[in-house]
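*Asks:* need coordinates for the below:
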Amino acid sequence: MSLFSAEPEPEGADGLPIADATAPERSTGFCVSTRIASDADEQARNLSGWRQTYDQLTPGTFSGSVSELCLQDLTVFCETTSHALRQTCEIGMDAYWFGIPLRNEGSGLIDGHLITDDALAVMRGHDEFELVTAGGYGILGVVIDEAELRTYAREVERIDFSDEMLSRQILHVGARRKTGLCETLSVFLQTAQAGAQPLSAVASGNVQSCVLAMLFDLAGSWRTDDLPEYRSKSDRYWIVMQAREYILANRNRPVAVPELCRQFHVSRRTLQYCFKETLGMTPMSYLRAIRLNGVRRDLSAPQPRLARTVQDVASDWGFWHLSQFAMDYRKLFGKRPSESLREAVY
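*Replies:* Okay, the predicted model is just below:
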């Protein structure tokens with residue numbers, strides 16, 4: 001099975017168990033764990049943090065898989081099943097689940113409601129629901145700790161949403177935007193799975209913030225109380241100058257977009273608007289350039305042979321997609337990161 005394609009361009013920067021006794025323990029170290037099942041009951045137990053019962057509806061030998069990336073407050077997973085199933089599901093925690101079906105030949109139903117090609121499924125933890133899926137079904141899932149979701153909404157998106165805003169089981173986001181989300185989440189899983197070592201804390205924080213940013217961008221009905229048009233041009237310029245000063249004062253470590261939002265009490269949307277107007281680039285692009293320079297300085301510092309690898313340094317600065325990092329590095333500096341390291345070794 002290969003679900004992984006496409007190259008994301010995240011705009012955000014910077015497991016959640018309490019599962020029942022039959023569920024596997026969540027993995028640690030910010031790496032992907034993959035579990036294979038040969039019957040529906042085994043498949044139901046393979047997703048950590050859930051209470052589930054799966055009933056196989058069509059005949060034949062069952063096969064299924066779950067690939068799961070557990071971050072600090074968020075889990076991304078991909079589940080595939082070979083046969084039609086009726087699933088009774090409950091997230092056993094204070095969390096929200098976003099279910100994003102892949103392009104499947106058959107359809108899926110949540111509590112009898114069709115999950116269309118332009119839609120996501122949304123459920124709150126401790127609310128049992130029924131999911132019916134066709135044979136050969138694949139679905140991506142994002143499980144977010146409720147407290148983290150609300151904190152991020154308040155401090156980064158500048159939204160104070162009510163429970164009703166996430167009470168809908170079906171969230172229509174548009175087929176193109178849903179496809180983009182599927183591709184990006186798949187790349188996250190593929191990259192973490194292919195890595196020689198787990199994601200660093202900084203890199204996993206970047207992934208988590210990026211996933212949250214994408215979900216808030218998709219939820220068009222969530223409204224911000226920090227609209228950029230309500231700020232004067234001088235205010236927007238001041239925000240960018242203060243943000244630049246802060247970034248440069250902390251250039252010895254990776255600074256993320258959520259950190260800037262919290263520091264200057266602006267929404268991610270406002271910060272992006274101000275940077276685009278003032279500098280002609282997004283805050284993510286600016287921060288990426290600063291982080292690349294941090295990598296270059298670390299790689300160029302004299303060091304004994306085999307003391308550190310390019311992957312070690314890149315991960316410390318929050319880069320998780322090594323091939324994309326290498327392309328960005330070469331584009332900015334005209335050389336490969338391995339060349340900078342080789343020149344510095346004594």
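
*Asks:* where does pLDDT dip in the protein?
*Replies:* 1-29, 161-167, 196, 220-231, 303-307, 345-346 (pLDDT under 70).

*Asks:* ok, which stretches of it are strands?
*Replies:* Taking DSSP state E to define them, one finds strands in the chain at 32-37, 50-56, 64-70, 74-81, 85-91, 95-101, 108-110, 113-114, 119-124, 129-133, 137-145, 170-172.

*Asks:* the shortest one: partners in the sheet, and parallel or antiparallel?
*Replies:* Meaning strand 113-114. strand 108-110 (antiparallel) (DSSP bridges).

*Asks:* what do you get for the first one?
*Replies:* In the sheet containing strand 32-37, the strands it pairs with under DSSP bridges are strand 64-70 (antiparallel).

*Asks:* contact partners for the residue sitting nearest the centre point of the chain?
*Replies:* In the chain, the residue lying closest to the centroid (Cα atoms, centre = their mean) is Val211, at 3.0 Å. Val211 sits next to 12, 74, 76, 142, 185, 188 when contact means Cβ atoms under 8 Å, 6 or more residues apart in numbering. Placement of C-beta: from N, CA and C, glycine included.

*Asks:* how many neighbours does the residue lying closest to the fourth one once chain neighbours are set aside have?
*Replies:* This means Val142. Excluding the flanking residues, the one nearest Val142 by Cβ to Cβ, 6 or more residues apart in numbering is Phe98, at 4.5 Å. Neighbourhood size, Phe98 [other Cβ atoms under 10 Å]: 22.

*Asks:* who does Phe98 bridge with?
*Replies:* For Phe98, the beta-bridge partners under DSSP bridges are Val122, Val142.

*Asks:* what sits closest to Thr278 if chain neighbours are left out?
*Replies:* Distances taken as Cβ to Cβ, 6+ apart place Val240 nearest to Thr278, at 4.3 Å, with adjacent residues excluded.

*Asks:* quickly list the domain ranges of the chain.
*Replies:* As assigned by automatic domain parsing, the chain contains the domains 32-217, 225-344.

*Asks:* centre of the chain to the first one, how far?
*Replies:* Centre-to-centre, domain 32-217 and its host chain are 11 Å apart (Cα atoms, centre = their mean, to the nearest Å).

*Asks:* that one: end-to-end distance?
*Replies:* 25 Å (Cα to Cα, to the nearest Å).

*Asks:* likewise stretch 107-116?
*Replies:* Rule used - Cα to Cα; the end-to-end distance of stretch 107-116 is 8 Å.

*Asks:* what about the residue nearest to Thr278, neighbour count?
*Replies:* By other Cβ under 10 Å, neighbour count at Val240 equals 19.

*Asks:* give the contact list for the residue nearest to Ala301 when sequence neighbours are not counted.
*Replies:* Sequence neighbours aside, Ala344 is the residue nearest to Ala301 in space, at 6.1 Å (criterion: Cβ to Cβ, 6+ apart). By Cβ under 8 Å, 6+ apart, the residues touching Ala344 are 299-303.

*Asks:* any idea how far Ala344 lies from Ser338?
*Replies:* Ala344 is 11 Å from Ser338, where distance means Cβ to Cβ, to the nearest Å.

*Asks:* among the contacts of Ala344, which lie within helices?
*Replies:* 299-300 (DSSP state H).

*Asks:* what subset of the contacts of Ala344 is buried?
*Replies:* By neighbour count, with 16 or more other Cβ atoms under 10 Å, the contacts of Ala344 hold Leu299 as buried.

*Asks:* mind picking the two most distant members of the contacts of Ala344?
*Replies:* Taking Cβ to Cβ, the two most distant members of the contacts of Ala344 are Leu299 and Pro302; they sit 10.8 Å apart.
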